[in-house]
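# heads up, no residue letters with this:
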């Protein structure tokens, strides 16, 4: 049987690299160990944007702004993205990258703890959400994200398989990772059993959950 690593490598061989400034941002992030979405996740996200054509996007987890900038390429001219980042240093870098690509009218970066920033945003304001932040916090973001995303909206949660660790028993996981492991398992159970959404968990990248709000 082929290993998942070989399958992932094969799939990635068909994915085109980003070009120009956005490619530079991605490569620099990889070089510095800044978390950015995996290529196969990026391509899946692109197809979802092209299918659903959202006008208002919420992103939790800006990092250096790469994913927001990537998404902005597949939106209509009047669509907007609100993205949230805790690190002040990364917010400054993300805003610089956004301005360098002339996307400051499309993308707004909110600096602060997402658990608090989410509470300040307007109910039913978004038709698409991308969650790619601290994995141990997804379960706490979920109630607010559900409030913010309108009926028929899509919520995409990245890195839900934790490089396979979420499959393991609680006691087989290193102690320092057990809290994140347990919270992610709780999150997966919640989004697959919440009758307000229909969810598919996919083994794309490091695991992607796609939830559609009824």
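Sure thing, it's come through. Please read all numbers here as calculations on a predicted model, not as lab measurements.
# doesn't residue 199 fall inside a helix?
No. With DSSP: H, G, I helix; E, B strand; the rest coil as the criterion, residue 199 is located in strand rather than a helix.
# Just give the number of residues close to it.
Neighbour count of residue 199, defined by other C-beta atoms under 10 Å: 16. Just so you know, the C-beta spots here come from the backbone N, C-alpha and C atoms, and that holds for glycine as well.
# pretty sure it is in contact with residue 192, am I right?
Yes. Assessed by C-beta atoms under 8 Å, residue 199 is found in contact with residue 192 at 5.0 Å.
# any chance you could map the strands in this structure?
56-60, 80-85, 107-111, 126-131, 149-158, 197-202, 208-213 (DSSP state E).
# pLDDT below threshold where in this protein?
For the chain, residues meeting the criterion pLDDT under 70 lie at 1-4, 162-177.
# any idea which helix is longest in it?
Criterion DSSP state H: the longest helix present in the chain is helix 178-193.
# quick revisit: of all the strands of the chain, which one is nearest residue 19?
strand 107-111 (19.4 Å; C-beta to C-beta).
# For that closest one, which strands pair with it and how are they oriented?
Strand pairing for strand 107-111, using DSSP bridges, gives strand 80-85 (parallel).
# before we move on, the earlier item: with distance to residue 29 as extra columns, can I get the strands of the chain in TSV?
Formatted as TSV, these follow (distance: least, C-beta to C-beta, whole Å):
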stretch	distance to residue 29
strand 56-60	15
strand 80-85	13
strand 107-111	16
strand 126-131	16
strand 149-158	15
strand 197-202	24
strand 208-213	19
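# looking at those, which is closest to residue 69?
Across those, residue 69 has its closest neighbour in strand 107-111 (7.2 Å, C-beta to C-beta).
# Distance from the closest one to the middle of the chain?
Relative to the chain's own centre, strand 107-111 is displaced by 15 Å; criterion: C-alpha atoms, centre = their mean, to the nearest Å.
# Please point out which parts of it sit buried.
Using 16 or more other C-beta atoms under 10 Å as the test for burial, strand 107-111 gives 107, 109-111.
# Which residues does it contact?
Outside strand 107-111, the residues within contact range by C-beta atoms under 8 Å, 6 or more residues apart in numbering are 62, 65, 68-69, 72, 80-86, 88, 91, 94-95, 98, 117.
# and if you look at stretch 52-59?
In contact with stretch 52-59 (C-beta under 8 Å, 6+ apart) are residues 67-68, 71, 75-76, 78-84, 121, 125-132, 145, 148-149, 153-154.
# how about a cut-off of 6 Å?
68, 79-83, 125-130, 154 (C-beta atoms under 6 Å, 6 or more residues apart in numbering).
# In PyMOL, how would I select the buried members of these?
Buried residues among those (16+ other C-beta under 10 Å), as a PyMOL selection:
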select buried, resi 68+79+80+81+82+83+126+127+128+129+130+154
